[in-house]
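> here is the input, now give the coordinates:
(chains A and B)
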Amino acid sequence: MEIINLKQIKKIYDMGGAEEVQALRGVDVIIGKNEYVAIMGPSGSGKSTLMNIIGCLDTPTSGLYEFNKINVSEMNDDQLAKIRNKEIGFVFQTFNLLARSNALHNVELPLIYAGINKATRRQLAKQALDQVGLADRMMHKPNELSGGQRQRVAIARALVTNPSIILADEPTGNLDTKTGDELMTLLAEVHQQGNTIILVTHEEYIAEHAKRIIRLRDGHIESDTIVENR
Amino acid sequence: MNFISEITEGLGIAFNAIRANKMRSVLTTLGIVIGIVSVTLMATAIEGVDRKFEESASAFGADVLYIQKFPWVGHGDWWTYRNRKDITVDIADDIERQATLVEAVAPSVVTVRPAQFGDRVVTNAFLTGTTNQYVNTSGTSLKDGRFFSQEESNGGRPVCVVGANIAENLFPNEDPIGKMIKVGGKPYRVQGVFEKQGGLFGIFTSDNRVFIPIKSFMSSFGSRRDITIQVKASSMADIEDVKEELRGIVRKSRMLKPSQADDFNINQQELLTETFGAITAVIAAVGFFITGLALFVGGIGIMNIMFVSVTERTKEIGIRKAIGAKRRTILLQFLIESSIICLFGGLLGLIVAYPLSLIANQILPTAMPLEVVAIAIIISLLVGVISGFLPAYRASRLNPVDALRYE
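As a prediction, the model looks like this:
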């Protein structure tokens, strides 16, 4: 069952004057349920732009983007916010947790925006934190947690709404190798529980955790390969 | 999306943000504090001026209504007024019995007669027949002696109270109390002397008058006379209601059909009220303009700090938008924050203004009215919403990709 269907997606940035940058020059991708996909490419290849479009943070200049068979390429800000809230869980390189809120509140936040009542919210957030092994750190603020723990909070926040996809943008970029590996193990578990994961990275050994690798270069898909025996 | 949880979240964020920037919040709030202090003090002062006015208005007799055959102003046909039925003492009795909004009622009838003591004469004294209620309907007070009592009034005793000018002329070197004077050839014992009023409203003053009980007046100088009924309203504020009530009673008493026009007039020293009203209005206008400026400056301060706050928290806005906050949610969040800062300022302002109003109370008879407290709170909320709107709107329109990238 397909979740993401990109057809001829182009993104052109107008840099002022006659200058423009073609970040994506026509990308076609279909991603199905419970896939584990890594998007790779050197900087400037367009992978950040592609991630932003897949994550509904940005809209393409042209092309069609269907998310769960719904055309999202022409949605407005608030409609996209709703899709992001319900269907997409973000894990960022810089964690992007709210500094002044504790772990529990950070995980609760998407549920607040989804309009879930307080009791349910608390319960779901605790479950998610438990799932990433941070049940005993719920009341800690981000600056009281290690990098690895912060990223686990971020993963709990991504999981808590039970989204269609988890979008991880260089999730190990700010972590040491050992913590990074632990995090990748956690993501693998999350994948095994039936979640769909899209991983954006420029590091081969991180990408190797995925079952399928899409390589971008100069706004095109250079290769799209299934990794065997994993 | 659940509005209540949005508000609760907004409140939480606002308190966190304010706590995180205590010094800044306090300084920003100062503008609002000053604004609210001046609003409340201004309102309190105006309330005081109004009360003071009411006091002096009643001293001048502005709250006294005169029921008469003739209007004081107006250009109707003199003969129509002349041919109206006389105003009688019975009407005064009806008012006394039925009116609920009046403090005192006194009939009075005036004629000009010479007043005489020994060989001293005042040729054109205003001889006034009235009841003991007269002192209560006029703002005047006695310098010496007393006004005639209810018994003297009802019994038509030969007693009188004289105005200051009469007393000066008849008794240049002696105490008038207890002396017998002759007015229009009849003897009256002087019971009291009025304080000198003088000044602007000469025709209304007691200075050139000799007051005697109306019963004595009627038996000595004729009872078929047109009289004036003086009514003191219990409050200056609802003087119009008093007029309406009096109109009803007098119409009934004179048995007018609904189709018939009034055959009497209710006169009032309007000039006085209007002038005072105009003065208070000017004071209020100037005061509120200055106050408005103070609040405006405070509002600009809030707006400025909210812009700073939005810029500082661009990344946070990005995170919130990425995980599903809509424009409205972000807008609300910042509006709540600026409103809370202003509300806090408003409350602080009230706390500062209250003791100051007590000090003002030493000069003007006033107290901080409860409405002013409510108005001050509403105004501070309003300033918060208005000055917070532009920064909040800007925050709500931020593009999530750019906001997330902001460091």
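
> could you use CA atoms for every contact and neighbour count after this?
Will do.

> mind listing what the residue of chain A found nearest chain B touches?
Nearest to chain B in chain A, going by CA to the nearest CA, is residue A:85, at a distance of 4.0 Å. Contact partners of residue A:85, counting by CA atoms under 8 Å, 6 or more residues apart in numbering or on different chains, are A:110, A:113-114, A:161, B:322-325.

> among those residues, which lie within helices?
Applying DSSP state H to those, the entries found in helices are A:110, A:113-114, B:322.

> between which two of those is the distance greatest?
With CA to CA as the measure, no two of those lie farther apart than A:114 and B:322, at 12.8 Å.

> which one of the two has more residues nearby?
residue B:322 (28 against 21; other CA atoms under 10 Å in any protein chain shown).

> pretty sure the more buried one is touching residue A:58, no?
No. Residue B:322 lies out of contact with residue A:58 (CA atoms under 8 Å); the separation is 10.4 Å.

> what is in contact with the two at once?
With CA under 8 Å, 6+ apart, residue B:322 and residue A:58 have common neighbours residue B:400.

> not counting its neighbours along the chain, what's nearest residue B:209?
Closest residue in space to residue B:209, ignoring its immediate chain neighbours: residue B:126 at 4.6 Å, by CA to CA, 6 or more residues apart in numbering or on different chains.

> how about the secondary structure of the one you found?
strand (DSSP: H, G, I helix; E, B strand; the rest coil).

> likewise residue B:177?
Assignment for residue B:177 (three-state DSSP): coil.

> chain A versus that one, what's the distance?
87 Å (CA to the nearest CA, to the nearest Å).

> right, and that residue touches residue B:143 too?
No. With contact defined as CA under 8 Å, residue B:177 does not reach residue B:143; the gap is 11.0 Å.

> return the residues of the stretch 201-350 of chain B in contact with chain A.
Applying CA under 8 Å from any CA of the partner chain, one finds that the stretch 201-350 of chain B approaches chain A through B:316, B:319, B:321-327.

> just give me how far the strand or helix carrying residue B:12 sits from the chain centre.
Taking DSSP states H and E as the criterion, residue B:12 maps to helix B:3-20. Mean-position distance between helix B:3-20 and its chain equals 43 Å (CA atoms, centre = their mean, to the nearest Å).

> look through chain B and state the residue closest to chain A.
residue B:324 (4.0 Å).

> mind pulling up the pLDDT for that residue?
pLDDT recorded at residue B:324 is 92.

> could you pull up phi and psi at residue A:43?
phi -70, psi 140 (degrees, to the nearest 10).

> residues near it, how many?
Neighbour number of residue A:43 under other CA under 10 Å is 12.

> distance of it from residue A:60?
Using CA to CA, to the nearest Å, one gets 19 Å for the distance from residue A:43 to residue A:60.

> with residue B:70 instead?
88 Å.

> and the residue nearest to the spatial centre of chain B, what is it in contact with?
Nearest to the mean C-alpha position of chain B, counting by CA atoms, centre = their mean, stands residue B:50 at 4.1 Å. Residue B:50 is in contact with residue B:280, counting by CA under 8 Å, 6+ apart.

> wait, a helix at it?
Yes. Counting by three-state DSSP, residue B:50 is located in a helix.

> quick check: it vs residue B:270, distance?
16 Å.

> one more: residue B:360?
30 Å.

> these two - which one has more neighbours?
Taking other CA under 10 Å, residue B:360 and residue B:270 do not tie; residue B:360 has more neighbours (18 against 12).

> so what's the more buried one scoring on pLDDT?
Confidence score, pLDDT, at residue B:360: 78.

> wait, it sits on residue B:45?
Yes. Using CA under 8 Å, residue B:360 is in contact with residue B:45, at 7.5 Å.

> what helix or strand is residue A:154 located in?
helix A:147-159.

> looks to me like residue B:116 is in a strand.
Yes. When three-state DSSP is applied, residue B:116 is found to be in a strand.

> neighbours of it, how many?
Neighbour count for residue B:116, taken as other CA under 10 Å: 22.

> same question for residue B:371.
11.

> what's downstream of the longest helix belonging to chain A, the next helix or strand?
The longest helix of chain A (DSSP H) is helix A:177-192. Under the assignment DSSP H and E, the closest C-terminal helix or strand after helix A:177-192 is strand A:196-201.

> sheet-wise, list the partners of that following strand with their directions.
strand A:36-40 (parallel), strand A:165-169 (parallel) (DSSP bridges).

> tell me the mean pLDDT for that strand?
For strand A:196-201, the per-residue pLDDT averages 94.

> run the chain-centre distance for that strand.
6 Å.

> ok, residues contacting the following helix or strand past that strand?
As assigned by DSSP H and E, the chain's next helix or strand after strand A:196-201 is helix A:204-207. Here helix A:204-207 makes contact (CA under 8 Å, 6+ apart) with A:38-40, A:184, A:199, A:201, A:213.

> ranges for the strands of chain A?
A:2-14, A:20-32, A:36-40, A:62-67, A:70-71, A:88-91, A:165-169, A:196-201, A:212-217, A:220-226 (DSSP state E).

> so can I have JSON lines of those showing distance to residue B:186 and mean neighbour count?
What follows is the strands of chain A, written out as JSON lines (distance: least, CA to CA, whole Å; neighbours: other CA atoms under 10 Å in any protein chain shown):
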{"stretch": "strand A:2-14", "distance to residue B:186": "110", "mean neighbour count": "18"}
{"stretch": "strand A:20-32", "distance to residue B:186": "115", "mean neighbour count": "16"}
{"stretch": "strand A:36-40", "distance to residue B:186": "123", "mean neighbour count": "25"}
{"stretch": "strand A:62-67", "distance to residue B:186": "113", "mean neighbour count": "20"}
{"stretch": "strand A:70-71", "distance to residue B:186": "111", "mean neighbour count": "12"}
{"stretch": "strand A:88-91", "distance to residue B:186": "109", "mean neighbour count": "27"}
{"stretch": "strand A:165-169", "distance to residue B:186": "114", "mean neighbour count": "25"}
{"stretch": "strand A:196-201", "distance to residue B:186": "119", "mean neighbour count": "24"}
{"stretch": "strand A:212-217", "distance to residue B:186": "125", "mean neighbour count": "20"}
{"stretch": "strand A:220-226", "distance to residue B:186": "125", "mean neighbour count": "15"}
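
> kindly reformat the ones you listed as JSON lines containing distance to residue B:168.
Below are the strands of chain A laid out as JSON lines (distance: least, CA to CA, whole Å):
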{"stretch": "strand A:2-14", "distance to residue B:168": "100"}
{"stretch": "strand A:20-32", "distance to residue B:168": "104"}
{"stretch": "strand A:36-40", "distance to residue B:168": "113"}
{"stretch": "strand A:62-67", "distance to residue B:168": "105"}
{"stretch": "strand A:70-71", "distance to residue B:168": "104"}
{"stretch": "strand A:88-91", "distance to residue B:168": "100"}
{"stretch": "strand A:165-169", "distance to residue B:168": "105"}
{"stretch": "strand A:196-201", "distance to residue B:168": "109"}
{"stretch": "strand A:212-217", "distance to residue B:168": "115"}
{"stretch": "strand A:220-226", "distance to residue B:168": "115"}
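
> wouldn't residue B:70 be in contact with residue B:83 here?
No. Residue B:70 lies out of contact with residue B:83 (CA under 8 Å); the separation is 10.3 Å.

> and the helix or strand where residue B:377 lies with chain A, contact?
Residue B:377 belongs to helix B:370-396 when assigned by DSSP H and E. No. Helix B:370-396 lies out of reach of chain A by CA under 8 Å from any CA, never closer than 10.1 Å.

> still on that earlier bit, ok now the longest helix of chain A, how far from the chain's centre?
Counting by CA atoms, centre = their mean, helix A:177-192 comes out at 15 Å from the chain centroid.
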